[in-house]
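Student: Fold the following for me, if possible:
(one chain, ligands or ions: 2)
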Amino acid sequence: MIKILPGEKISALDKRHLELTGQKGIELMEQAAKAFSSWFCKNFDSKNSIIIWCGAGNNGGDGFAIARILKEKGFTVSLIECFEPSDNLSTDCEINRNRILESIRSSKWRGQIPESSIAIDAFLGVGLKGTLRNEARDKIKAFNSQEAIKVSVDIPSGLKAEGVAGSDVVLSDYTISFAQPKLSLLLPENEFCVGDLKVLDIGIDSRSYHDFQSDFYFLQKQDVKTRHKLFHRFSHKGDFGKIMLVGGGAGKVGAILLSGESALRTGSGLVFLNVNSSEILITQIGLREAMTSIEKFPRLDGFDAIGIGPGWGMGNREEQLEYFLNMAKCPLVLDADALNLIGENPALWNLIPVKTILTPHLKEFDRLAGESSDQLERWAKAKELAVKFKAIIVLKGANSLISLPDGRQVFNSSGTQFMATAGAGDVLTGMLTSLLGQGYSPENAALCGVFHHGLAGELAGKRFGRGTIARDIIKAIPMTFSELGIS
Ligand SMILES: NC(=O)C1=CN([C@@H]2O[C@H](COP(=O)(O)OP(=O)(O)OC[C@H]3O[C@@H](n4cnc5c(N)ncnc54)[C@H](OP(=O)(O)O)[C@@H]3O)[C@@H](O)[C@H]2O)[C@H](O)CC1
Ligand SMILES: [K+]
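Tutor: Ligands and ions are numbered 1, 2, ... in the order given. Sure thing, here's the model as predicted:
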């Protein structure tokens, strides 16, 4: 997994990469511009007219290089230089400016609002320091007043790598960030200016990160494959685990059925659903592949993993939750009402076995950890709780955050807005419990489960868009394994 470094360390990281590889800065910039352009060509037709706003630093240098590449690809490109002739350009910005083809129209910014169908923001990147100067503010305002689709290079101009955006910031539809997402791009508070986020590999040598400390990591497709267990032709039902999912209170059976079905689609060998006695019939009809039980205090031996909470209800459940926390000898997942019960009675924290996976959404997290004034505070609290109770806390949302007992915090890269639908969380609980039951370590179960859940959402979202429902996500789970080449 790639480390997420503070913005102020990015140039030191580049330097380390250049030392290790013998590359030149201008070559790294070219890799970044090529990565951006290749994403751009996949997403936009060359009939579009493009205007690129370039600053005087390396973000602007990226912009000049992107202009040249997109022109070569057949786009109509023009440039606005957001600096004065007296300003010092960074060395690589200067080189790329000189490489610009004569056929690209380039003008100085003189307060005009140009016309184009796509505007690319390569004005300010992670090198922004202190308070934004007035002249930069005017340019950002002018940039925002264009009607064009807006795409930011690396980070929206005016946004700091770690900060919450103020009012003087480029309002992007897409932000295409290099090597690693900057923390500010992952804050829900900044969604209004970041838009869709894509992080592109620009070929930074992974050894370059060794010299830098950070507890924040970014989980990508390539990190997941090696964490999977592989099964072979002699594998039998037992290897795929026997799990119990506890929930399904009166009127909420749907939640546990979704968890059960997603566990089966994730590969569980045997799935038991423990539900309210009133709900047994409907549970059996709802998921033929599952077995059902209605005991409040069922025997737990023989289970490889237990997931508790989906649709459980909170009335008279505390004693039952205590029973599961005290008696289970296998790994646990706690979700929904199991978490709400802990929120109501914090003493239960002390009963949670080490490396239990907790999967709160934002509101459940606030019930567990108390209200937070912003997401940064929530992230800090998640880390504190994960370390204190040696738990794995999955704070669900866009770029779900997995806080590990050793203090590392991992942001997930998969997912889509179309997963914001009833039952998506129950699907995750089923997947995580399933992977634990298959013998994955809790850390690998959390990382793989969260990534595959997001990927399943993406696949379902591509097909059903806004109409995506939790069952579409479940149906897509098997495809996530083939997508990653996992048998
Ligand atoms: N590893 C990577 O991710 C790579 C990223 N690349 C790109 O490089 C930029 C970072 O480039 P850098 O040169 O360090 O800085 P910027 O271009 O972001 O910003 C410098 C310019 O910003 C002006 N500035 C700074 N503070 C202010 C302010 N408060 N108000 C207005 N203007 C400001 C600064 O002007 P000065 O007069 O102060 O010097 C500069 O003009 C990164 O974001 C990526 O896009 C590399 O291309 C490849 C590797
Ligand atoms: K930018």
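
Student: For Lys71, which residues are in contact?
Tutor: Neighbour list for Lys71: 77, 101, 103-104 [criterion: CB atoms under 8 Å, 6 or more residues apart in numbering]. Just so you know, the C-beta spots here come from the backbone N, C-alpha and C atoms, and that holds for glycine as well.

Student: filter those to the buried ones?
Tutor: Buried members of those, scored by 16 or more other CB atoms under 10 Å, are 77, 104.

Student: Output the contacts of Lys71 in JSON lines, with distance to ligand 2 and pLDDT appended to each entry.
Tutor: Shown next, in JSON lines, are these (distance: CB to the ion, whole Å; pLDDT from 0 to 100):
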{"residue": "Val77", "distance to ligand 2": "17", "pLDDT": "95"}
{"residue": "Leu101", "distance to ligand 2": "22", "pLDDT": "76"}
{"residue": "Ser103", "distance to ligand 2": "24", "pLDDT": "80"}
{"residue": "Ile104", "distance to ligand 2": "19", "pLDDT": "86"}
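
Student: Can you pick out the ones from the contacts of Lys71 that are in strands?
Tutor: Val77 (DSSP state E).

Student: ok, so of the contacts of Lys71, who is nearest Ser117?
Tutor: The closest of the contacts of Lys71 to Ser117 turns out to be Val77 (CB to CB; 11.7 Å).

Student: Does the residue lying closest to Ser372 once chain neighbours are set aside fall in a helix, a strand, or a coil region?
Tutor: Spatial nearest neighbour of Ser372, chain neighbours left out: Arg378 (4.3 Å); criterion: CB to CB, 6 or more residues apart in numbering. Secondary structure state of Arg378, per DSSP: H, G, I helix; E, B strand; the rest coil, is helix.

Student: so which of the contacts of Lys71 comes closest to ligand 1?
Tutor: Val77 (18.0 Å; CB to the nearest ligand atom).

Student: Isn't that closest one up against Ala67?
Tutor: Yes. Contact criterion CB atoms under 8 Å: Val77 and Ala67 qualify, at 5.0 Å.

Student: which residues do those two both contact?
Tutor: Common neighbours of Val77 and Ala67 (CB under 8 Å, 6+ apart) are 52, 104.

Student: check which helix or strand covers Gly61.
Tutor: Using DSSP states H and E, Gly61 falls within helix 58-72.

Student: what about stretch 196-211, how long is it end to end?
Tutor: Taking CA to CA, to the nearest Å, the first and last residues of stretch 196-211 lie 31 Å apart.

Student: Name the surrounding residues that touch that stretch.
Tutor: 2-3, 5, 13-14, 16-17, 20-21, 28, 31-32, 35-36, 39, 173-181, 185-186, 218, 220, 399, 413.

Student: Sort out for me which of the residues you listed are in helices.
Tutor: 13-14, 16-17, 20-21, 28, 31-32, 35-36, 39 (DSSP state H).

Student: Can you say which of those are buried?
Tutor: For these, buried by 16+ other CB under 10 Å: 13-14, 16-17, 28, 31-32, 35-36.

Student: so does stretch 42-58 get close to ligand 1?
Tutor: Yes. Judged by CB under 6 Å from any ligand atom, stretch 42-58 comes into contact with ligand 1 through 55-58.

Student: could you point out which element follows the one helix or strand in the chain whose mean pLDDT sits lowest?
Tutor: Within the chain, no helix or strand scores below strand 105-108, which has a mean of 86 by mean pLDDT, DSSP states H and E. Next helix or strand after strand 105-108 toward the C-terminus (DSSP H and E): strand 118-122.

Student: ok, then the element right after that next one?
Tutor: Next in sequence after strand 118-122, counting helices and strands by DSSP H and E, comes helix 134-144.

Student: Can you list the buried residues in the next helix or strand after that next one?
Tutor: The element immediately downstream of helix 134-144 (helix or strand, assigned by DSSP H and E) is strand 149-153. For strand 149-153, a neighbour-count test (16+ other CB under 10 Å) marks 149-153 as buried.

Student: Out of those residues, the closest to ligand 1 would be?
Tutor: The nearest member of these to ligand 1, counting by CB to the nearest ligand atom, is Val153 at 5.5 Å.

Student: which residues does that closest one contact?
Tutor: Going by CB under 8 Å, 6+ apart, the list of residues near Val153 reads 36, 59, 62-63, 66, 120-122, 125, 176.

Student: how much space between it and Val126?
Tutor: Distance of Val153 to Val126, computed by CB to CB, to the nearest Å: 11 Å.

Student: try Gly309
Tutor: Noted for Gly309: a distance of 40 Å to Val126, by CB to CB.

Student: same deal with Lys475?
Tutor: For Lys475, the distance to Val126 - CB to CB - is 40 Å.
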